[in-house]
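> below are the sequence and a predicted model; questions follow.
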Amino acid sequence: MANVQVNPDLLRWAIGRSGLSEEMLHQKFPKLDAWLAAEKFPTFRQLESFARSTMTPFGVMFLNEPPEETIPVPDFRTKTDDAVDDPSPNLAATIQLMQLRQMWMREWLTEQGNDRLALVGSATLKRNPKSLAQEIRQTLKLTPEWAEQLATWELALTTLRRSIERAGILVFSNSVVGLNNYRPLDAEEFRGFALCDDVAPLIFINDADSKSARMFTLAHELVHIWLGTSGISNLVNLLPSKDPTEKFCNRVAAELLVPAYKLNEVWPDVMGRRDRFLIIAKQFKVSPLVIARRALDLKLIAKPEFFKFYEADRDDFLRRKKNLKNRDKSSGNFYATQNARLGRRFSAAIVRATREGRILIRDAYRLTGLKGQTFDEYAKRVQERVRNERE
């Protein structure tokens, strides 16, 4: 079989963007060093396998030089004071899938006669954060005490998510690309993103993060929808130092989840305790880091204390991340997991469109990632859920 004279720079680019090490790839491609040195070239099948292993579009391997790859939405991620470049293939694939679902949902909702959502783009950076947080709570039909009245972080996260979906916003979450457990999402790379649209606004949350951290991410991305600004965030230190949009979203999200007057009320009771951030975090169902950040903003603690806690919290996050990688990915209820991955509004619309013959079954498979009997079973469960909600 003929060999393909591929540019070694393309191979290095593909390896770099995949996040895989050359050592790992050597096991599957013993001649990789020779390919990188242009001493030998892969066969067509070997190059095809290499592209698949590095999650690289096969056609790219025939270019003269590596392409400039960018995220198709504004990138608000930061690493200390520097912008983050080179999105991973898993992040790029997730954004593309969400854009595809959003486009279908917009067409579906338009056909159903839905008007644009007035809340999208209704706020500006000049808005008072406390006032906007109160408006968002009222729109979601939540009281300032809503999270305190719930027993667990999981219940609080579910309550917030369903309130957002009832307001007309699509919410998706996942810890992998689609259904592929071999393509995990990295919470260090991104926490979530918002795709604004006046008919089908969309929020995606990275489930590789902790439930308490996801609470803040969900609130943060929600503010993006109110501003009408799409974007992807990783929320380093919970206060990016340069971008005014991210700063504003953080301030409103913090006030939405932890109203200033409430934190000031409880602070005197715990201020002398070493575990005060955790105690208050349990009350408001957010991460201890959010409470520490909130205390700093309200001048209840000084910067050195916050950053000392931040470093300790980051060490804990890395330990949790390692444990998550070692966890059995087969655990959990498959169909319950799909409810989170696909969202209640989107799954209900897809199942209804399929039942009414308004969408080809192959397109329903492509949009959900589910096929055959698995899709049929999930559709039955969605229909039952929708019936129960109407009763």
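Noted; the coordinates are in hand. Since we're looking at a predicted model, the values are computed, not measured.
> number of nearby residues for Gln138?
10 (other C-beta atoms under 10 Å). In this view, the C-beta of every residue, glycine as well, is placed from N, C-alpha and C.
> just the one 3 residues further on next, same as before
Lys141 is surrounded by 10 other residues when neighbours are defined as other C-beta under 10 Å.
> that one contacts Leu160, correct?
No. If you go by C-beta atoms under 8 Å, Lys141 and Leu160 don't touch, sitting 11.4 Å apart.
> dump the residue contacts of the closest residue to Ile301 other than its chain neighbours.
Among residues not flanking Ile301 along the chain, Ala295 sits closest, at 4.7 Å (C-beta to C-beta, 6 or more residues apart in numbering). Applying C-beta atoms under 8 Å, 6 or more residues apart in numbering to Ala295 gives the contacts Leu263, Trp267, Phe277, Ile301, Phe306.
> of these - the most surrounded one?
Going by other C-beta under 10 Å, Phe277 tops the contacts of Ala295 with 23 neighbours.
> which strands and helices sit next to the one helix or strand that one maps to?
For Phe277, the element it lies in under DSSP states H and E is helix 276-284. With contacts taken as 3 or more C-beta pairs under 8 Å, 6 or more residues apart in numbering; DSSP states H and E, helix 276-284 sits against helix 260-270, helix 288-297.
> contacting residues around the longest one?
Under the contact criterion C-beta under 8 Å, 6+ apart, helix 260-270 has outside partners Lys130, Pro144, Arg276, Ile279, Ile280, Gln283, Phe284, Ile291, Arg294, Ala295, Leu298, Leu300.
> from the chain's centroid, how far away is stretch 210-219?
In terms of C-alpha atoms, centre = their mean, to the nearest Å, the gap separating the centre of stretch 210-219 from the centre of its chain is 10 Å.
> measure Gln99 to Glu154 for me?
Distance, Gln99 to Glu154, by C-beta to C-beta, to the nearest Å: 29 Å.
> show me which of these two is the more surrounded one.
Comparing Gln99 with Glu154 by other C-beta under 10 Å, the one with more neighbours is Gln99, at 16 against 13.
> any idea how far Asn339 is from that one?
Taking C-beta to C-beta, one finds Gln99 at 21 Å from Asn339.
> equivalent analysis for Arg162, please.
For Arg162, the distance to Asn339 - C-beta to C-beta - is 11 Å.
> about what we covered before: just the buried ones among the contacts of helix 260-270, please.
Neighbour-count burial (16 or more other C-beta atoms under 10 Å) applied to the contacts of helix 260-270 gives Pro144, Arg276, Ile280, Gln283, Phe284, Ile291, Arg294, Ala295, Leu300.
> which residues touch the second one?
The reference is to Arg276. Counted by C-beta under 8 Å, 6+ apart, Arg276 has contacts Trp267, Val270.
> looking at it now. What's its pLDDT?
Each residue has a pLDDT score; the one for Arg276 is 93.
> the last one too?
According to the predicted model, the pLDDT of Leu300 comes to 95.
> quick check, Glu221 in contact with Pro201.
No. The criterion here is C-beta under 8 Å, and Glu221 misses it with Pro201 at 9.7 Å.
> overlap in contacts of these two?
Ala194.
> what are the structural domain limits within this protein?
Following automatic domain parsing, one finds the domains of the chain at 8-62, 78-261, 342-390.
> out of these, nearest to Glu311?
Among the domains of the chain, the nearest to Glu311 by C-beta to C-beta is domain 78-261 (10.6 Å).
> just flag the most distant two among the buried ones among the contacts of helix 260-270.
Pro144 and Arg276 (20.6 Å).
> so where's the chain uncertain?
1, 19, 69-86, 235-241, 314-332, 391 (pLDDT under 70).
> all strands of it, in order?
Assigned by DSSP state E, the strands in the chain fall at 78-79, 82-83, 170-174, 176-177, 180-184, 192-195, 202-206, 231-233.
> give me whichever of those strands is most buried.
strand 192-195 (a mean of 27; mean count of other C-beta atoms under 10 Å).
> other residues contacting that one?
In contact with strand 192-195 (C-beta under 8 Å, 6+ apart) are residues 73, 95, 98-99, 102, 201-206, 214, 217-218, 220-222, 224-225, 229-233.
> please repeat the previous calculation with a cut-off of 6 Å.
Outside strand 192-195, the residues within contact range by C-beta atoms under 6 Å, 6 or more residues apart in numbering are 102, 202-206, 217, 221, 224-225, 230-232.
> and for stretch 33-50?
Met1, Asn3, Val4, Gln5, Pro8, Leu11, Lys31, Phe58, Met61.
> using PDB, list the CA coordinates for it.
What follows is stretch 33-50 as a C-alpha-only set of coordinates in PDB (Å, rounded to 0.1, in the frame of the first residue of the first chain):
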ATOM      1  CA  ASP A  33       9.400   8.800  15.600                       C
ATOM      2  CA  ALA A  34      10.300   8.100  11.900                       C
ATOM      3  CA  TRP A  35       7.100   9.800  10.800                       C
ATOM      4  CA  LEU A  36       7.900  12.900  12.900                       C
ATOM      5  CA  ALA A  37      11.400  13.000  11.500                       C
ATOM      6  CA  ALA A  38      10.100  12.600   7.900                       C
ATOM      7  CA  GLU A  39      12.300   9.500   7.600                       C
ATOM      8  CA  LYS A  40       9.300   7.400   6.800                       C
ATOM      9  CA  PHE A  41       5.600   8.100   6.000                       C
ATOM     10  CA  PRO A  42       2.400   6.300   7.100                       C
ATOM     11  CA  THR A  43       0.200   4.300   4.800                       C
ATOM     12  CA  PHE A  44      -3.200   5.700   4.000                       C
ATOM     13  CA  ARG A  45      -4.800   3.300   6.600                       C
ATOM     14  CA  GLN A  46      -2.200   4.100   9.200                       C
ATOM     15  CA  LEU A  47      -2.800   7.800   8.700                       C
ATOM     16  CA  GLU A  48      -6.500   7.300   9.000                       C
ATOM     17  CA  SER A  49      -6.000   5.400  12.200                       C
ATOM     18  CA  PHE A  50      -3.700   8.100  13.500                       C
END
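> cheers, nothing more for now.
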